[in-house]
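1. The amino acid sequence is not available; the structure is as follows:
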């Protein structure tokens, strides 16, 4: 007796119902021989499948090992790149800090330069006022020259209009 494999792989296969239905056509020994044939065919197919898939499995294993080594190599390069990026970030941070310090020094030098220019202008103005006063002397031009000197001194003392003295 021979059976189709489709009978055994269907979702609604019921072993007890199958045996009952086969008992109508054959005795239990004939059914057992038929089932032994099906089992032998399945085992043969399984061995063929294992041999065929074993080669594929071995290739896959080799490919996975190779891929693993490649991933490890890429991870090493990524780690090195991360270290280099951190070194670059640190170097850039130091450069930025140095540029900011230089800018602060430039600002301080600019303020110092403006203060010195204001002091120089004040001193030059005082010198001019002194000459004006000595030229006017005690004569009729004296009080007028004294007023101009006072205006000049006031302007020199408050060059930015903030009431600051250089």
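-> Good, I have the coordinates. Fair warning: this is a prediction, and the values are worked out from it, not measured in the lab. Residues are numbered from 1 along each chain as shown.

2. Low-confidence ranges, this protein, go.
-> Within the chain, the stretches with pLDDT under 70 are 1, 136-143, 145-146, 156-166.

3. for the longest helix along the chain, packing partners?
-> Longest helix of the chain, by residue count under DSSP state H: helix 28-136. Contact here means 3 or more CB pairs under 8 Å, 6 or more residues apart in numbering; DSSP states H and E; on that basis helix 28-136 packs against helix 5-9, helix 15-23, helix 142-157. All C-beta spots, glycine's among them, are computed from the backbone N, C-alpha and C.

4. 7 Å instead?
-> Other elements packing on helix 28-136 under the criterion 3 or more CB pairs under 7 Å, 6 or more residues apart in numbering; DSSP states H and E are helix 142-157.

5. quick one: residue 17 from residue 5, how far?
-> According to CB to CB, to the nearest Å, residue 17 stands 18 Å off from residue 5.

6. OK, contacts around the residue lying closest to residue 128 once chain neighbours are set aside?
-> Spatial nearest neighbour of residue 128, chain neighbours left out: residue 152 (6.9 Å); criterion: CB to CB, 6 or more residues apart in numbering. If you count contacts by CB atoms under 7 Å, 6 or more residues apart in numbering, residue 152 has them with 125, 128, 129.

7. any chance of those residues in CSV, plus neighbour count and distance to residue 55?
-> Formatted as CSV, the contacts of residue 152 follow (neighbours: other CB atoms under 10 Å; distance: CB to CB, whole Å):
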residue, neighbour count, distance to residue 55
125, 17, 103
128, 14, 107
129, 19, 109
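
8. which of the residues you listed lies closest to residue 32?
-> Minimum distance to residue 32 across the contacts of residue 152 is 129.8 Å, recorded for residue 125 (CB to CB).

9. For residue 93, see how far away the closest one is.
-> 48 Å.

10. same thing with residue 12?
-> Separation of residue 12 from residue 93 (CB to CB) stands at 73 Å.
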